[in-house]
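Student: one predicted model, sequence on top.
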Amino acid sequence: HGSGAEREPLGGRVSALDGVEKVLWDHYGLRGPFEVTALAAEGRNNSLVAFRSPGGAFVWKQGSSALAPVQQREFALLAWLAEQDLPFRMAAPLRTLAGAWGWEGGRGLNVLLPLLPGERLPETADAWHALGTALNALHAALARFPLEGAPRLLDWAKLERLHPRVSDPLALSFEQPDLWGDEATLHSWRLAFGEMLWRVRDAYAALPRQVVHGDFNSVNVLFGGGGVSAVLDFEFACPGPRLLDVATALSEVLVRPEPEWALAQAFLRGYGQLTLQERAALPAALLLRQAAVGVWGLGLALESFQI
């Protein structure tokens, strides 16, 4: 995870590391003073606190208990990737003095990550070309990792298994249409969802599988020295076609009121040539990515409001 320019003394945010000082000493041999600092890349599914100490700069990551098995497999993948010849770094968790990847407490599994240098990816053609180049290198490495070792053993094309609260997205749209806001939005969603289903069953389903990042976009990388300096957050890594990651990145700049075609083109040039099968399946992958994000969001909404 990336550093930021701002710092504040620990006393300014006592709750951020409250009660953790002793744990940091017991598990990692780290002593204060600790100084909370800003992050260039903020987590969306975990609580992150970055801090500096005489022993180095780190990120304390707290995950939910439900994610603990997923995180353990994520850490194993990160440790493996750290040994590969890649042009960027990964925020692999640090082992405790006892050799564990973290400690249980609070919300669930707690880990300590290195605070990696870098900033947010700028929206320039050169930066998005570098993003595509980084993904190509990552895919080449992940192709050698066993499918059964992926953090999540799910298939994004099987949307009924993506979130336990949304087993049938289409049926849910009839049972609780208010979740979509208004009738026009709901109608457009059903049309797009239906198109996505038949497209996914065709060219997309025939694509070869490997381990992929699962959430590859500008939020989950750091930029520095003219290129991608780190790739973060492999929590959603899973078996799938590499096109899923390509579509995830492209969706960020194309699913906008005014699509950024220049950034999308730069990204694809950096990534390299897609196969004929991948080019044919790209519309399906783009639709699937949006549908999957929607299903996951619906599931979180149902959990949050206990509907």
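Tutor: Yep, that arrived.
Student: what's next to stretch 78-95, contact-wise?
Tutor: Stretch 78-95 has contacts (CB atoms under 8 Å, 6 or more residues apart in numbering) with 1, 28, 58-59, 61, 75, 101-102, 111-114, 116, 134, 137-138, 141-142, 145, 221, 227-232, 234. Heads up, the C-betas are built off the backbone N, CA and C, glycines and all.
Student: buried residues, that stretch. List them.
Tutor: 78, 80-81, 86, 88-95 (16 or more other CB atoms under 10 Å).
Student: what is the most widely separated pair among those residues?
Tutor: Largest separation among the buried residues of stretch 78-95 by CB to CB: 88 and 95, giving 21.5 Å.
Student: what's residue 144 sitting at in phi/psi?
Tutor: In terms of degrees, to the nearest 10, the main-chain angles of residue 144 are phi -90, psi 0.
Student: how near is it to residue 151?
Tutor: Residue 144 is 16 Å from residue 151, where distance means CB to CB, to the nearest Å.
Student: looking at the two, which has the bigger crowd around it?
Tutor: A direct count of neighbours by other CB atoms under 10 Å for residue 144 and residue 151 places residue 151 higher, at 23 against 10.
Student: now that one: how far from residue 238?
Tutor: 7 Å.
Student: for residue 212, same thing?
Tutor: In terms of CB to CB, residue 212 sits 7 Å off from residue 238.
Student: of these two, give the one with the bigger neighbour count.
Tutor: Neighbour count, other CB under 10 Å: between residue 212 and residue 238, residue 212 has more, with 27 against 22.
Student: who touches that one in this structure?
Tutor: 139, 142, 237-242, 244-245.
Student: which of those residues fall within helices?
Tutor: Mapping the contacts of residue 212 onto helices (DSSP state H) picks out 139, 142, 244-245.
Student: ok, so of these, who is nearest residue 178?
Tutor: residue 244 (30.5 Å).
Student: how near is the closest residue to that closest one other than its chain neighbours to residue 282?
Tutor: With CB to CB, 6 or more residues apart in numbering as the measure, residue 212 is the residue that lies nearest to residue 244, at 5.4 Å, once sequence neighbours are left out. Distance of residue 212 to residue 282, computed by CB to CB: 15 Å.
Student: could you do residue 172 as well?
Tutor: 27 Å.
Student: low-confidence ranges, this structure, go.
Tutor: 1-19, 40-46, 64-67, 306-307 (pLDDT under 70).
Student: show me the strands in it, by range?
Tutor: Remark: strands assigned in the chain by DSSP state E are 3-9, 35-39, 47-53, 56-62, 89-90, 103-105, 108-114, 210-212, 221-224, 227-231, 238-240.
Student: of those, which is nearest residue 20?
Tutor: Among these, strand 56-62 sits nearest to residue 20 (CB to CB), with 6.6 Å.
Student: tilt between that closest one and strand 35-39?
Tutor: With axes from the mean of the first three to the mean of the last three CA atoms, to 10 degrees as the basis, strand 56-62 and strand 35-39 are set at 70 degrees to each other.
Student: using PDB, write out every CA atom in strand 56-62.
Tutor: Output of strand 56-62 as PDB, limited to C-alpha atoms (Å, rounded to 0.1, in the frame of the first residue of the first chain):
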ATOM      1  CA  GLY A  56      10.100   1.400   9.300                       C
ATOM      2  CA  ALA A  57       6.800   2.300   7.500                       C
ATOM      3  CA  PHE A  58       3.900  -0.100   7.600                       C
ATOM      4  CA  VAL A  59       0.200  -0.600   7.000                       C
ATOM      5  CA  TRP A  60      -2.000  -2.300   9.600                       C
ATOM      6  CA  LYS A  61      -4.800  -4.100   7.800                       C
ATOM      7  CA  GLN A  62      -7.900  -5.400   9.600                       C
END
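Student: ok, which pair from the ones in helices among the contacts of residue 212 is furthest apart?
Tutor: Top of the distance list for the ones in helices among the contacts of residue 212 (CB to CB): 142 and 244, 11.7 Å.
Student: neighbour-wise, which of those two wins?
Tutor: Remark: of residue 142 and residue 244, residue 244 carries more neighbours, 26 against 21, as counted by other CB under 10 Å.
Student: pretty sure the more buried one contacts residue 286?
Tutor: No: the criterion here is CB atoms under 8 Å, and residue 244 misses it with residue 286 at 10.1 Å.
Student: and residue 165, how many neighbours does it have?
Tutor: Per other CB under 10 Å, the neighbour tally for residue 165 reads 15.
Student: check contacts around it.
Tutor: Per CB under 8 Å, 6+ apart, neighbours of residue 165: 298-299, 302-303.
Student: most neighbours out of those residues, which is it?
Tutor: Neighbour-wise, these (other CB under 10 Å) top out at residue 298, 21 neighbours.
Student: now it: how far from residue 145?
Tutor: Distance from residue 298 to residue 145, by CB to CB: 31 Å.
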